[in-house]
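Visitor: return atomic coordinates for the entry below.
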Amino acid sequence: MGRLLWLVAATLLAGHASAAVIQKRPQALGSPDLITVTGIIEPNDDLQFSQIAATTGQAIVLLDSEGGSVLPALEIGRAIRLKGFATAVASETLCASACALTWLAGSPRLAGEQAKLGFHASYIVNNGVASETGVGNALIGAYLNQIGLSQNAIVFVTSAPPEGMAWLSWDKARELGLQVGSYQANVMSPGTGDGQTAPEPYDPMKAAAAFYNALSNADGVSAAALVVPEKRGIGPFNEASIHSFFGGLSVPLQLESIARRGVDKVAVSYTYSRSDGSVCAGKAEVQTIYKYGKTLIGKIRALSGC
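Guide: The predicted structure is shown next:
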């Protein structure tokens, strides 16, 4: 049984250091193409997006993402602005952190009535080097200036809280002078797509494995993107703390076993070695929740001392 659990853990880990899924879905003749960006934005996703954008005349970029790495998100936004693409987030869909920065580049920007657009203080890792929030805000501020945002909007975005999420409501958008149009998937022209991304199935095992895979890579950004937006940046879900602690281990975290416990809980065991040579053999219970069409982590309860 132990060997089987290890194989399950290894299989899940191997499959979930993945990039966002970026696809072009041509619509009816005369209508703009639909480019969908789904999942956590990772390094090099901007290269894939640029390749697809180069083959496209007019397009709506439909975003459905928990967030992810800021630098590729900014490059995707620059490509969107250069091509004059629209951006959209469907109703009941999440576009948070790095994703929301990409959405801002659209011309026009569109959102469903119940779209969840959230901004979170940016923590940037470039070539393995972590940048403080001030450096991140400088890069983001330059990007926001480049895409033509007002000073009020720039202040709102770069003043996002280090924990939780600042949600962009329709009233707040009007207050900031941020032009946002209504997006309704069912009014898209008939074609090979319907203007809506399908919600992901509820999969606690997949979410837990992806989270611990991010810890293994000391990837605080991807780990935090898997957490419910309201708890990002808090305690064990702080991007900087994750990168600092797990990046300083002498032997990276290894997920040893993973098993479903009831409807919404997953039991995990893992090992790692600290820089002083001490070894952790840890166990934890991960509680997940299905929200915004995604499986997200709501709570982790440590069952051992590490």
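
Visitor: surely residue 166 is in contact with residue 158?
Guide: No: with contacts counted by C-beta atoms under 8 Å, residue 166 stays clear of residue 158, the gap being 10.7 Å. In short, each C-beta sits where N, CA and C put it, glycine included.

Visitor: name the residue closest to the centre of the protein, please.
Guide: Per C-alpha atoms, centre = their mean, the C-alpha nearest to the average position across the chain is that of residue 67, at 2.0 Å.

Visitor: any idea how far residue 228 is from it?
Guide: 12 Å (C-beta to C-beta, to the nearest Å).

Visitor: give the residues shared as contacts by these two.
Guide: The contact sets of residue 67 and residue 228 do not overlap (C-beta atoms under 8 Å, 6 or more residues apart in numbering).

Visitor: all strands of the stretch 101-250 of the chain, in order?
Guide: Counting by DSSP state E, counting those that start in this stretch, the stretch 101-250 of the chain has strands at residues 109-111, 116-119, 124-126, 129-131, 166-167, 181-182.

Visitor: go through those strands and pick out the most buried.
Guide: Per residue and on average, the most neighbours among these fall to strand 116-119, with a mean of 23 (mean count of other C-beta atoms under 10 Å).

Visitor: helices or strands up against that strand?
Guide: strand 94-96, helix 98-103, strand 166-167 (3 or more C-beta pairs under 8 Å, 6 or more residues apart in numbering; DSSP states H and E).

Visitor: can you do 10 Å?
Guide: Packing partners of strand 116-119 (3 or more C-beta pairs under 10 Å, 6 or more residues apart in numbering; DSSP states H and E): strand 94-96, helix 98-103, helix 151-158, strand 166-167.

Visitor: ok, residues contacting the first one?
Guide: Okay, so that is strand 94-96. 37, 62-68, 87-89, 100-103, 111, 115-120, 165, 167-168, 224-225, 229, 232, 291-294, 296 (C-beta atoms under 10 Å, 6 or more residues apart in numbering).

Visitor: so who does residue 38 touch?
Guide: Shown in contact with residue 38 (C-beta under 10 Å, 6+ apart): 20-23, 62-66, 93, 197-198, 200, 293-294.

Visitor: where in the protein is pLDDT low?
Guide: Scanning the chain with the threshold set as pLDDT under 70 gives 1-18, 128, 130, 132, 186-197.

Visitor: mind checking how far the residue nearest to the centre of the chain is from residue 233?
Guide: According to C-beta to C-beta, residue 67 stands 12 Å off from residue 233.

Visitor: mind listing the shared neighbours of these two?
Guide: Residues touching both residue 67 and residue 233 (C-beta under 10 Å, 6+ apart): 120, 165, 224, 227.

Visitor: neighbours of the first one, how many?
Guide: Going back to what we said before, that points to residue 120. Neighbour count of residue 120, defined by other C-beta atoms under 10 Å: 23.
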